[in-house]
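Student: What follows is a predicted protein model with its sequence.
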Amino acid sequence: MSKNYINVYNNLINYSRNKDLYKSLNREDNFSDRLTFFLIHFAFFLKNFKTKENKDILQKIYDFNFRQLELSIREIGYGDQSINKKMKVYINLFHAIVSDIHFWDKLNKIEKSQKLSTFLEDFSEIDILVVYFDDFAQNLSKKNLNFFLKSVISP
């Protein structure tokens, strides 16, 4: 069954690699920027598909994704102690993102910009990212969870 979860993970990675996301970055992108975009996409994903029926599968996807992130951090070369610290930071960041986008649909454009600016400080044109994530959320709502479990799509 984890084979299906890799599709979700790969889809989120593909979205996070979208070069258009980094156009307004005032410096060269790095692992942290890509990870932040991954976590934002993942937060929208969970928000969209969160139902009582999907609770167990979303928990498995959550666990799988964070296991994959831990493996990625290990590949970069961090030691065990550093990995635990990094994972704690990333999990806390993710939960802050989830909390901030919980009422995304009820926020106006300025409030959405402020929320994203919290996580994407070095981006000069946050408004473009607001439009992007509005579109992303809308596109997610047009698909069902099985769509992401069964295939890998390009952004």
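Tutor: The structure has been received and is ready for your questions. Numbering: from 1, shown residues only.
Student: how far does the lowest-mean-pLDDT helix or strand in the chain sit from the chain's center?
Tutor: One helix or strand of the chain scores below all others by mean pLDDT, DSSP states H and E: helix 145-150, with a mean of 86. A distance of 16 Å separates the centroid of the chain from that of helix 145-150, by C-alpha atoms, centre = their mean, to the nearest Å.
Student: Equivalent analysis for stretch 124-139, please.
Tutor: For stretch 124-139, the gap between its own C-alpha mean and the chain's C-alpha mean amounts to 13 Å (C-alpha atoms, centre = their mean).
Student: which other residues reach it?
Tutor: 15, 20-21, 23-26, 40-41, 44, 47-48, 104-105, 109, 112-113, 116-117, 120, 123 (C-beta atoms under 8 Å, 6 or more residues apart in numbering). In short, each C-beta sits where N, CA and C put it, glycine included.
Student: in this protein, what spans have low per-residue confidence?
Tutor: In the predicted model, the chain carries pLDDT under 70 at residues 1-3, 152-155.
Student: Could I get the full set of helices for it?
Tutor: For the chain, the helices defined by DSSP state H cover 2-16, 31-49, 55-76, 80-101, 109-119, 126-141, 145-150.
Student: so which of those helices is the most packed in?
Tutor: With neighbours defined as mean count of other C-beta atoms under 10 Å, the helices of the chain peak in mean count at helix 31-49, which reaches a mean of 20.
Student: Now do it: which elements does it pack against?
Tutor: helix 2-16, helix 55-76, helix 80-101, helix 109-119, helix 126-141 (3 or more C-beta pairs under 8 Å, 6 or more residues apart in numbering; DSSP states H and E).
Student: and of those, who's closest to residue 34?
Tutor: Closest approach to residue 34 among the helices and strands packed on helix 31-49 (C-beta to C-beta): helix 2-16, 5.5 Å.
Student: Which elements pack onto that closest one?
Tutor: So helix 2-16, by 3+ C-beta pairs under 8 Å, 6+ apart, packs with helix 31-49, helix 55-76, helix 145-150.
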